[in-house]
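**Student:** here is a sequence with its predicted model. Questions after.
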Amino acid sequence: MSEPQAIYLSDYQPPAYRVTRTELTFELEPHATRVRARLHLERHENYGHGEPLVLNGEQLTTLAVAVDGQALNDNEYRIEDERLTILRPPERFVLDTEVEINPSANTALEGLYVSGSMFCTQCEPEGFRRITWYPDRPDVMATFETTLIGDRDQLPVMLSNGNPVEWGELPGGRHFVTWQDPHPKPSYLFALVAGELEKLEDRFTTMSGREVTLQLWVEARNTDKTEWAMESLKRAMRWDEQAYGREYDLDRFMIVAVDDFNMGAMENKGLNIFNSAAVLANPATTTDAAFQRIDSIVAHEYFHNWSGNRVTCRDWFQLALKEGFTVFRDQSYTEDTQSAAVSRIQNVAMLRTAQFAEDAGPTAHPVRPDHFIEISNFYTLTVYEKGAEVVRMLRNLVGPETFRRGSDRYFERFDGQAVRVEDFVATMAEVSGLELDQFMRWYSQAGTPQLSVQGEYDGQTRQYHLTIEQHTPATPGQPEKPPLHIPIRMGLLGPDGEALELVVNGESRGTDTVLALQQECQSWTFEQLDAAPVPSLLRGFSAPVRLEHAWSRDELALLMRFDEDGFNRWDAGQRLALAALEDMMAAWRAGDAVKLDERLIEVWHGLLNAPADDRSVLAEMLRLPTEAWIAEQQSVVDVDAIHAAREAAIGQLADRLYADFERVYHANQLDVPYAPTPEQVAARSLKNVALSYLVATGEREPLMLAQAQFEADHNMTDARAALTLLAHSDASDLGDPAVRAFGERWAHDPLVMDQWFATQVTRPQQDVMERLKFLMEHQAFSLKNPNRVRALIGTFVNSNRVNFHRLDGEGYRLLADVVIELNRLNPEIAARMVTPLTRFRRFDEQRQQLMRAELERIRREPLSRNLYEVVEKALA
Ligand code: ARG
Ligand code: ZN
């Protein structure tokens with residue numbers, strides 16, 4: 001095998017031929033599916049006579065190639081390197097091809113594959129080329145007509161994009177359906193599904209009065225898990241009309257649930273395909289967190305109909321154009337329909353642990369990468385989550401009304417086109433009159449900017465000077481980073497926590513303002529202040545940066561209680577806890593008594609006794625910084641100190657605030673029927689946090705509470721919270737029977753078994769290794785199913801840090817074995833799973849060596865392009 005080569009954004013060439021119309025016929029057979037494609041082609045104005053037509057294809061057995069009805073001679077076309085070249089095609093012509101493919105052997109889950117007893121597709125980004133010969137690139141958009149032929153009994157339902165226009169019986173027990181999609185689309189939005197499926201059907205009337213049929217297709221055993229996603233879909237459709245003026249554009253919208261799926265879901269035109277974990281829900285099997293995740297993914301895929309499908313990407317380097325914008329849209333939807341503060345807190349917590357780590361590691365890349373070997377490796381937190389932050393900054397810079405005018409103009413102007421990030425930003429610049437050239441660096445520059453802030457109060461002049469410096473560390477291939485345009489929302493608090501008026505150059509800006517940092521170092525002066533203020537900086541996390549300022553612990557406690565910004569109240573709490581944990585880690589290393597700062601106990605006591613105006617935010621404030629976030633603060637990650645200090649802090653909070661937690665636990669019991677409403681979610685979240693502290697005392701009594709909650713089994717949120725506490729306790733007389741009972745009760749439901757796996761492998765004790773190996777042999781586990789792999793292996797390596805990083809190297813070895821196996825089965829998943837090993841430079845010498853040795857062992861395998869790219873970067 002020759003070394004895989006990188007592709008560069010700067011090498012982009014427009015396509016030589018457009019496809020005006022694509023007609024496909026599938027004869028569906030698990031081992032040998034026939035695909036006939038008829039493409040109507042036209043040469044582009046910019047290309048001359050004799051320009052060859054190049055089509056992509058992978059793993060196709062080619063049976064026929066004809067131009068305008070004439071089979072081609074050997075000297076009229078060439079097949080090599082996964083390319084079919086038609087040498088001297090006419091200016092306008094019809095190309096017919098016929099290929100055979102093997103969906104049942106497709107374990108990569110890209111292209112057409114078999115999941116259980118159904119056929120389904122995943123074409124984004126480059127899966128369509130595993131189905132038929134095609135110019136498989138997003139800037140080639142065609143209308144599609146698709147005929148599906150299959151066994152009437154085994155495949156009674158056969159779906160594709162658009163509307164069904166013809167159907168009927170065929171000889172030999174077969175039948176056919178023809179679908180037409182009138183909207184021109186790139187091949188990555190093509191989909192088909194066939195199988196024995198049942199549907200939940202509903203209707204939606206759009207804002208202009210059009211009737212749309214909504215269908216959610218599932219296997220029969222899942223019909224009791226469809227209602228929530230249907231509700232979400234209708235809510236999302238209404239929201240997009242109200243918030244963005246976007247209406248749905250076909251007569252039907254279909255969602256299908258599939259068990260084997262690499263990602264969350266896919267926005268195929270009119271036929272979204274979902275990982276069953278991202279769509280199926282009911283109270284008995286699904287936690288609050290999963291209900292919310294499903295809600296946001298259903299919304300996300302629906303929103304793509306405009307941000308992605310009607311206006312699509314010119315090339316895959318522009319992926320964030322659709323993904324960053326659409327994540328921003330789904331986040332806004334969640335903020336409007338759930339607790340806005342909690343939603344922001346959770347998104348930021350994820351971004352600044354996982355995305356910051358990506359930005360600081362060997363695979364760091366800009367929101368718009370400029371080269372790649374395998375584009376599937378770039379469906380990353382940087383493209384999605386940082387991409388969404390960039391859009392959020394734009395909205396904050398231009399203001400919400402102008403942003404809406406900008407998005408209206410963007411959708412209108414580029415409807416039906418394949419465009420670039422520049423087109424989006426230029427539209428915002430145009431409607432706002434702002435100069436956004438410097439802002440564009442957010443798309444091209446990798447790495448997380450670091451801001452350091454100095455405040456100086458002058459009692460003589462009654463002025464407060466705020467100086468902010470920015471610096472972005474080097475990332476692979478980008479040693480020097482010019483300054484970025486960074487919006488910093490902020491305010492000032494007085495000594496009693498009151499919001500101070502911000503007076504700059506004699507003018508009042510209220511109590512909340514945005515500073516635009518554009519230079520390497522900039523200062524602002526606030527006037528008419530009677531005492532040194534406490535700055536509240538980066539409110540709402542107004543930019544994806546690390547911000548340092550030397551707040552005293554008392555100042556943090558003040559911000560935590562009084563800041564008008566809910567996000568910053570939470571963040572001040574995290575900073576205060578981090579400071580306390582640092583003391584504890586230092587004591588632990590020195591072998592001294594590990595004691596928690598009294599101030600934190602006091603502040604928490606206050607929190608637990610304050611009138612609860614927002615219980616969901618309170619629940620978030622009662623969670624200590626995660627081990628991953630603590631690790632992000634350290635130059636060399638000290639896995640064991642982090643774990644020891646954090647556990648000690650939890651234990652001391654539990655002992656000292658026992659009565660408070662007990663009261664909160666009992667005060668937040670609900671006796672209403674389950675619903676994943678923001679109020680109920682908040683109550684359960686608070687109750688279960690409280691229970692976890694009670695159990696952390698190590699006493700028997702709270703474990704009995706957990707056992708009672710587990711057995712009461714009111715809903716999965718409470719049952720799983722209780723199960724986790726029991727399974728992680730040392731009381732095996734309570735833990736073991738609970739784990740066993742849960743596993744037996746839910747053996748028939750793979751999505752619940754995934755939770756069962758995850759719960760067991762997060763157990764912090766050393767014996768978890770044996771348990772993990774045992775579970776890898778469990779009949780409910782399979783390396784072929786990405787959900788199983790993520791639930792068991794992914795959860796262990798990402799959420800059980802002390803055990804994954806054990807010094808005997810067992811955790812690393814186990815992951816490398818799995819990755820080597822996955823490299824053969826499913827390269828995309830293999831390249832994702834290997835991530836924790838690629839971060840070896842963050843750890844001590846001993847761990848570095850162990851991790852590096854495993855990466856080198858992986859490198860000796862014949863690697864897929866996906867894994868090759870990641871492992872090479874890690875070892876470079
Ligand atoms: N566009 C899909 C989304 O909604 C994700 C598709 C990812 N495909 C892949 N092969 N990784 O975000
Ligand atoms: Zn998306």
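**Tutor:** All right, it came through fine. Numbering: from 1, shown residues only. Ligands and ions are numbered 1, 2, ... in the order given.
**Student:** burial check on the nearest residue to Ala243 once chain neighbours are set aside, number of neighbours?
**Tutor:** Closest residue in space to Ala243, ignoring its immediate chain neighbours: Ser332 at 6.7 Å, by C-beta to C-beta, 6 or more residues apart in numbering. All C-beta spots, glycine's among them, are computed from the backbone N, C-alpha and C. For Ser332, the neighbour count with other C-beta atoms under 10 Å is 22.
**Student:** so Ser332 versus Ile650, what's the distance?
**Tutor:** Distance of Ser332 to Ile650, given as C-beta to C-beta, to the nearest Å: 34 Å.
**Student:** same check on Ile345?
**Tutor:** 19 Å.
**Student:** more neighbours: which of those two?
**Tutor:** More neighbours surround Ile345 than the other of Ile345 and Ile650, with 23 against 18 (other C-beta under 10 Å).
**Student:** so the more buried one lies in a helix, does it not?
**Tutor:** Yes - with DSSP: H, G, I helix; E, B strand; the rest coil as the criterion, Ile345 is part of a helix.
**Student:** residues from this structure in reach of ligand 1?
**Tutor:** Proximity of the chain to ligand 1 (C-beta under 6 Å from any ligand atom) is limited to residues 124-125, 262-263, 265-267, 300-301, 323, 376, 379, 828.
**Student:** my read: Tyr783 touches Ile829, true?
**Tutor:** That one is not Tyr; residue 783 is Leu. No - counting by C-beta atoms under 8 Å, Leu783 does not reach Ile829; the two are 9.0 Å apart.
**Student:** more neighbours: which of those two?
**Tutor:** Here Leu783 and Ile829 are compared on neighbour count by other C-beta under 10 Å; more neighbours surround Ile829, at 29 against 18.
**Student:** would you mind pulling the contact partners of whichever strand or helix holds the more buried one?
**Tutor:** When elements are assigned from DSSP states H and E, Ile829 belongs to helix 827-833. Residues outside helix 827-833 that contact it (C-beta atoms under 8 Å, 6 or more residues apart in numbering) are 108-110, 262, 374, 376-377, 786, 789, 793-794, 797, 815, 818-819, 822-823, 864-867, 869-870.
**Student:** same check, this time on stretch 169-176
**Tutor:** Residues outside stretch 169-176 that contact it (C-beta under 8 Å, 6+ apart): 147-153, 158, 166-168.
**Student:** just those: which are in helices?
**Tutor:** Within those, no residue falls in helices by DSSP state H.
**Student:** among those, which ones are buried?
**Tutor:** Buried members of the contacts of stretch 169-176, scored by 16 or more other C-beta atoms under 10 Å, are 147-150, 158.
**Student:** from those, which two are the most distant?
**Tutor:** The largest separation in those, counting by C-beta to C-beta, is between Thr147 and Gly150 at 10.6 Å.
**Student:** re the thing from before, okay, and the common contacts of Leu783 and Ile829?
**Tutor:** Here Leu783 and Ile829 have 789, 822 as joint contacts, going by C-beta under 8 Å, 6+ apart.
**Student:** could I get the helix holding Ile829 in PDB with only the CA atoms?
**Tutor:** C-alpha atoms of helix 827-833 as PDB (Å, rounded to 0.1, in the frame of the first residue of the first chain):
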ATOM      1  CA  PRO A 827     -11.900   2.600  10.400                       C
ATOM      2  CA  GLU A 828     -13.900   5.600  11.300                       C
ATOM      3  CA  ILE A 829     -14.700   4.300  14.800                       C
ATOM      4  CA  ALA A 830     -11.100   3.000  15.200                       C
ATOM      5  CA  ALA A 831      -9.700   6.500  14.500                       C
ATOM      6  CA  ARG A 832     -12.100   8.000  17.100                       C
ATOM      7  CA  MET A 833     -11.400   5.500  19.800                       C
END
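**Student:** let me know the next secondary structure element after it.
**Tutor:** helix 835-838.
**Student:** the residue in the stretch 51-200 of the chain that ligand 1 sits nearest to: how many residues sit nearby?
**Tutor:** The stretch 51-200 of the chain approaches ligand 1 most closely through Glu124 (4.5 Å), counting by C-beta to the nearest ligand atom. A count of neighbours around Glu124, defined by other C-beta under 10 Å, yields 26.
**Student:** and the longest helix that the chain contains, what's buried?
**Tutor:** What stands out as the longest helix in the chain, according to DSSP H, is helix 566-590. Within helix 566-590, the residues that count as buried by 16+ other C-beta under 10 Å are 566-585, 587-588.
**Student:** what do you get for stretch 446-454?
**Tutor:** Within stretch 446-454, the residues that count as buried by 16+ other C-beta under 10 Å are 446-449, 451, 453.
**Student:** again with stretch 408-419
**Tutor:** 410-411, 414, 418-419.
**Student:** and it, how far out from the chain middle?
**Tutor:** Stretch 408-419 sits 25 Å away from the centroid of its parent chain (C-alpha atoms, centre = their mean, to the nearest Å).
**Student:** quick revisit: and the residue nearest to Ala243, what element?
**Tutor:** Using DSSP H and E, the element containing Ser332 is helix 319-337.
**Student:** just the mean pLDDT for that helix, thanks.
**Tutor:** Mean pLDDT, computed over helix 319-337, is 98.
**Student:** and for stretch 141-157?
**Tutor:** The predicted model assigns stretch 141-157 a mean pLDDT of 98.
**Student:** again, but for stretch 79-96
**Tutor:** With pLDDT averaged residue by residue, stretch 79-96 scores 97.
**Student:** please apply the same query to stretch 614-625.
**Tutor:** The average pLDDT within stretch 614-625 is 93.
**Student:** give me the contact list for it.
**Tutor:** With contact meaning C-beta under 8 Å, 6+ apart, stretch 614-625 is reached by 339, 341-342, 345-346, 560, 566, 569-570, 573-574, 577-578, 581, 604, 607-608, 612, 646, 649-650, 668, 678, 681-683, 685-686, 689-690, 693.
**Student:** thinking again about what came up before, the contacts of stretch 169-176 also near ligand 2: which ones?
**Tutor:** Contacts with ligand 2 within the contacts of stretch 169-176, counted by C-beta under 5 Å from the ion: none were found.
**Student:** most widely separated two among the residues you listed?
**Tutor:** Among the contacts of stretch 169-176, Asp153 and Glu166 lie farthest apart (C-beta to C-beta), at 20.7 Å.
**Student:** got the angle for the helix or strand harbouring Phe411 vs helix 319-337?
**Tutor:** Using DSSP H and E, Phe411 falls within helix 400-414. Helix 400-414 and helix 319-337 are oriented at 140 degrees to each other (axes from the mean of the first three to the mean of the last three C-alpha atoms, to 10 degrees).
**Student:** contacts made by helix 400-414 with the rest, please.
**Tutor:** Helix 400-414 has contacts (C-beta under 8 Å, 6+ apart) with 244-246, 306, 310-311, 394-395, 398, 423-424, 427-428, 430-432.
**Student:** among those, which lie within helices?
**Tutor:** Cross-referencing the contacts of helix 400-414 against helices under DSSP H gives 244, 394-395, 398, 423-424, 427-428, 430-432.
**Student:** which one is Phe781 nearest to, not counting chain neighbours?
**Tutor:** For Phe781, the spatially nearest residue (C-beta to C-beta, 6+ apart) is Arg788, at 5.3 Å.
**Student:** where's Ala229, which helix or strand?
**Tutor:** Using DSSP H and E, Ala229 sits within helix 227-244.
**Student:** quick check: next helix or strand after that helix?
**Tutor:** Next along the chain after helix 227-244, taking DSSP H and E as the criterion, comes strand 252-258.
**Student:** send me that following strand as CSV with only the CA atoms.
**Tutor:** Provided in CSV are the C-alpha atoms of strand 252-258 (Å, rounded to 0.1, in the frame of the first residue of the first chain):
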residue,chain,number,x,y,z
ARG,A,252,-43.2,14.6,3.9
PHE,A,253,-40.4,14.4,6.4
MET,A,254,-39.2,11.0,7.5
ILE,A,255,-36.9,9.8,10.3
VAL,A,256,-35.7,6.2,10.6
ALA,A,257,-34.0,4.6,13.6
VAL,A,258,-31.1,2.3,12.8
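**Student:** cool, thanks, signing off.
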